[in-house]
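Undergrad: sequence plus the predicted model coming up.
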Amino acid sequence: MRKAPLFLTLILTLAFASAVEAKNRDKSWEFGALVNHIDGDFNAKSSNGIAGELRFGYNFSSKLMAELWLSDEQTEQGNTPDFQLLGLRSIREDPCPNVFDANTPTCTTAIFPTTADFNKSVELRRAIVTVTGNFLTDRDGNTIPYISAGLGFIQETREPSTFETPYRVSEDDDNNPSTPRVISDRNAKGDVLESFDSSAILALSIGARTFFNDNWGVRYEVGYAHHNSFDKNQDEYTMRVGMTWIVGGQK
């Protein structure tokens, strides 16, 4: 269930309920530390993950700023199509012919679904540069809503995994047509090495800052991101909350 509508309601409520002077200011530096809840892409079989994020920004004015986002996410990924392909490659016996004869070697009669480590660990690292537009900076109040948009890079690293493909064979060791062929079950096992891929990422977010004093405040937002790792288009929905610290600038 998406929690974005509830989060947006909270942002708007805080924005219009505040009643002291806003602390976002011209020519100031801003540093932040946030925790992200990331709703992974269902089609990529990615689980929801938690990421830590650091932000470094500069306010050109109270209404416009640029930021660098750096985040690291630990999550898990389910059984993906690469296991099926690797499972088929791991079976050494050829498929059985339609008609057997005395010289037919041991062959495969059936292949069953590949099973694997369904919770293989995945690490996602992001570096994104954004431009942020702030609102209500000319009004009294300690809450400043904003919209951010940016581009960057994401690197996805998949840790090593194991897989197993059960299959059934027909064999006749003595090659004697007068004796029946023996049907038995076997398992093809293998390992998947660590792999990684990187791609561009687009990030959009809407949120707000609520300040406690001239320098410190809390920051909260919801966002959307899109990237194409391992040739799979992936959409992410995020919720972030954390602290922000503003230094310098014109008070």
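TA: Done, it's in.
Undergrad: the most centrally placed residue in the chain - nearest residue in space that isn't next to it in sequence?
TA: Against the mean C-alpha coordinate of the chain, by CA atoms, centre = their mean, the closest residue is Gly40 at 5.0 Å. Residue nearest to Gly40 in three dimensions, not counting chain neighbours: Ser46, with 3.1 Å by CB to CB, 6 or more residues apart in numbering. The C-beta positions use only the backbone N, C-alpha and C, and glycine is treated the same way.
Undergrad: for the one you found, give its distance to Asn134.
TA: Taking CB to CB, to the nearest Å as the measure, Ser46 falls 32 Å from Asn134.
Undergrad: neighbour count winner among those two?
TA: The neighbour comparison of Ser46 against Asn134 (other CB atoms under 10 Å) goes to Ser46, with 24 against 20.
Undergrad: just grab the bridge partners of that one for me.
TA: Ser46 has these beta-bridge partners by DSSP bridges: Gln77.
Undergrad: looking at it, it is touching Gln74, isn't it?
TA: No: contact between Ser46 and Gln74 fails when scored by CB atoms under 8 Å: they sit 11.7 Å apart.
Undergrad: which stretches of the stretch 151-251 of the chain form strands?
TA: 161-171, 182-192, 195-211, 216-229, 232-248 (DSSP state E, counting those that start in this stretch).
Undergrad: any low-confidence regions in the chain?
TA: 1-23, 78-84, 116-119, 174-177, 250-251 (pLDDT under 70).
Undergrad: quick revisit: who's in contact with the residue nearest to Gly40?
TA: For Ser46, the contact set (CB atoms under 8 Å, 6 or more residues apart in numbering) comprises Gly40, Thr75, Glu76, Gln77, Gly78, Val122, Gln234.
Undergrad: and the residue nearest to the centre of the chain, what are its phi and psi?
TA: Phi and psi for Gly40, reported as degrees, to the nearest 10, are phi -70, psi 160.
Undergrad: can you give me the neighbour number for the closest residue in space to Tyr224 that isn't next to it in sequence?
TA: In space, and not counting its chain neighbours, Tyr224 is closest to Leu204: 5.0 Å by CB to CB, 6+ apart. Leu204 is flanked by 14 other residues according to other CB under 10 Å.
Undergrad: doesn't Glu221 make contact with Leu204?
TA: No: if you go by CB under 8 Å, Leu204 and Glu221 don't touch, sitting 10.2 Å apart.
Undergrad: find residues that contact each of these two.
TA: With CB under 8 Å, 6+ apart as the test, Leu204 and Glu221 both reach Ser148.
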